[in-house]
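Engineer: Have a look at this prediction, sequence included:
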Amino acid sequence: MSTALVALILLPLGVLLVCGLLFLLARPLVTPAIAALERARFARSVARVARGDAHLKRGHVPDALREFEAAFCLMTARAEPRLAEQIARHHTGLLARLLSVADDVPHHRVRLLALAKVDRLLDRRADTQRAYLQLRTRPLRDGRRMQLERELRRNARALRPAIHELVADLQLLSERTVAVQ
């Protein structure tokens, strides 16, 4: 009877100890895997930009705009601070490409409020992402870290329609240009 009682007490403690050790050992192994997945997702975004550039060189503006819209990488970088900076530079390059499409419109006074909105949201996203990565060594359930994750998700939800609106405005302008010519 006493042996069974001791086993009932020690068994959950042993299982808890083994699970804790596995968690401690798995974390250094999971981080490189997450980093590899994030890099692959970013590489797909970069490839979309290259396809958009190719469409733009051939004069297929609507196809290029679709690729550029899909090329925005709105994931939260969790593993590598360098990747977050690369994503921010990637977004700057995308905005520059979209601005060059707008500059090709013969009307010299094109107002793209959506461009300013997207720029502001991307700037805010980069700042939040930097703050989030500074807290990456904190526990997953840390209040500030969870707040920043929620803010990044809200930002992504606000960015998607803003980017779509910007691309729709540019498509409308490019269609007007074709109709005028």
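Structural biologist: Perfect, I can see it now.
Engineer: Just confirm Glu67 contacts Val49, I think it does.
Structural biologist: Yes - counting by Cβ atoms under 8 Å, Val49 is a contact partner of Glu67 at 7.2 Å. Bear in mind the C-beta positions are built from the backbone N, C-alpha and C, glycine included.
Engineer: Look up the closest residue to the residue positioned nearest the centre of the chain, ignoring the ones flanking it.
Structural biologist: Centroid-nearest residue in the chain: Leu74, 2.2 Å away (criterion: Cα atoms, centre = their mean). For Leu74, the nearest residue in space outside its immediate sequence neighbours is Ala156; the separation is 4.2 Å by Cβ to Cβ, 6 or more residues apart in numbering.
Engineer: and Val118, how far is that from Leu112?
Structural biologist: The spacing between Val118 and Leu112, counted by Cβ to Cβ, to the nearest Å, is 9 Å.
Engineer: which residues are common contacts for these two?
Structural biologist: With contacts defined as Cβ atoms under 8 Å, 6 or more residues apart in numbering, the residues adjacent to both Val118 and Leu112 are Leu166.
Engineer: For the two, indicate the residue with more neighbours.
Structural biologist: For Val118 against Leu112, the residue with the higher neighbour count under other Cβ atoms under 10 Å is Val118, and the figures read 24 against 18.
Engineer: The nearest residue to the more buried one once chain neighbours are set aside is in what secondary structure piece?
Structural biologist: When the adjacent residues along the chain are set aside, Val118 lies closest to Ala162, with 4.9 Å between them (Cβ to Cβ, 6+ apart). When secondary structure is defined using DSSP states H and E, the element that contains Ala162 is helix 143-180.
Engineer: which parts of that helix are buried?
Structural biologist: Across helix 143-180, burial judged by 16 or more other Cβ atoms under 10 Å covers 145, 148-149, 151-152, 155, 159, 162-163, 165-167, 169-171, 173-174.
Engineer: that older thread, these two touch, right, the residue nearest to Leu74 and Cys73?
Structural biologist: No - no contact is recorded between Ala156 and Cys73 when judged using Cβ under 8 Å, the distance being 10.1 Å.
Engineer: who's in contact with Val118?
Structural biologist: For Val118, the residues meeting the contact criterion (Cβ under 8 Å, 6+ apart) are Leu95, Leu159, Ala162, Ile163, Leu166.
Engineer: just Cys73 next, same as before
Structural biologist: Contact criterion Cβ under 8 Å, 6+ apart gives Arg41, Phe42, Ser45, Ile87, His90, His91 as the residues in contact with Cys73.
Engineer: how does it look with 7 Å?
Structural biologist: Contact criterion Cβ atoms under 7 Å, 6 or more residues apart in numbering gives Arg41, Phe42, Ser45, Ile87, His90 as the residues in contact with Cys73.
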